[in-house]
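how would this look folded up:
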Amino acid sequence: MAGEADAVVVLLPIKPHYARQIMEGTKRVEFRRRPFARVPEWVVVYASAPEKRVLGCFSVRGVDECSTEGLWQRYEHVGGIDRADFIAYYMGRDRGVALLIDEVHPLDDPVELREIGDGLLPPQSYRYLDPGVIATLVEGR
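Here you go, the predicted model:
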């Protein structure tokens, strides 16, 4: 259920092109260079500059951590990225992470970060959020 008190929620800054693909349902995995300290159950999607808006969120079906070549072989058709950009993203890394996207909940009207949390700034990599933000985004409470 959305917004469970103990759910692990992360805010991910994602380039607008990829963030839109997630919200449209065409990108079914989100690649990351490093594993998470706590595996997220929900991801709040923040489209980075120039948009600088929260577009929605998604639940995480699972996490796959393996070699970058393994990630490419498994997810090239659902990753929303071409081979050259994938290689450039993982430059210098032997391993990577794929968040498997489950349910996607786009917002009708994207919002600024401050609308989901006072003083919230976009993180470099990711930031854990209070689980209550999911109820707000998904259920409009």
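
Distance check, residue 30 against residue 98.
7 Å (C-beta to C-beta, to the nearest Å). Any C-beta I mention is one placed from the backbone N, CA and C, and that applies to glycine too.

Give the other helices and strands that the helix or strand hosting residue 12 contacts.
For residue 12, the enclosing helix or strand under DSSP states H and E is strand 9-14. Using 3 or more C-beta pairs under 8 Å, 6 or more residues apart in numbering; DSSP states H and E as the contact test, the elements touching strand 9-14 are strand 29-32, strand 42-47, strand 127-129.

Note down every partner strand of that strand and its orientation.
Sheet pairing of strand 9-14 (DSSP bridges) gives strand 42-47 (parallel), strand 127-129 (antiparallel).

To residue 22, which of the helices and strands packed on strand 9-14 lies closest?
strand 42-47 (5.9 Å; C-beta to C-beta).

Just the angle for the next helix-or-strand element following that closest one relative to strand 42-47, thanks.
Next in sequence after strand 42-47, counting helices and strands by DSSP H and E, comes strand 53-67. Interaxial angle of strand 53-67 relative to strand 42-47 (axes from the mean of the first three to the mean of the last three C-alpha atoms, to 10 degrees): 120 degrees.

Buried residues, strand 53-67. List them.
Using 16 or more other C-beta atoms under 10 Å as the test for burial, strand 53-67 gives 53-60.

any chance of those in TSV, plus pLDDT?
Below are these laid out as TSV (pLDDT from 0 to 100):
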residue	pLDDT
53	97
54	97
55	97
56	97
57	97
58	98
59	97
60	98
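
Take these and write them to a markdown table, including distance to residue 66.
Output for the buried residues of strand 53-67, formatted as a markdown table (distance: C-beta to C-beta, whole Å):
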| residue | distance to residue 66 |
| --- | --- |
| 53 | 32 |
| 54 | 30 |
| 55 | 28 |
| 56 | 27 |
| 57 | 25 |
| 58 | 21 |
| 59 | 22 |
| 60 | 16 |
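
quick one: which of those is nearest to residue 44?
residue 57 (4.8 Å).

So in terms of bridging, what pairs with that closest one?
Bridge pairing for residue 57 - DSSP bridges - gives residue 44, residue 105.

Quick check: it touching residue 45?
Yes: counting by C-beta atoms under 8 Å, residue 45 is a contact partner of residue 57 at 6.2 Å.

Thanks a lot, see you next time.
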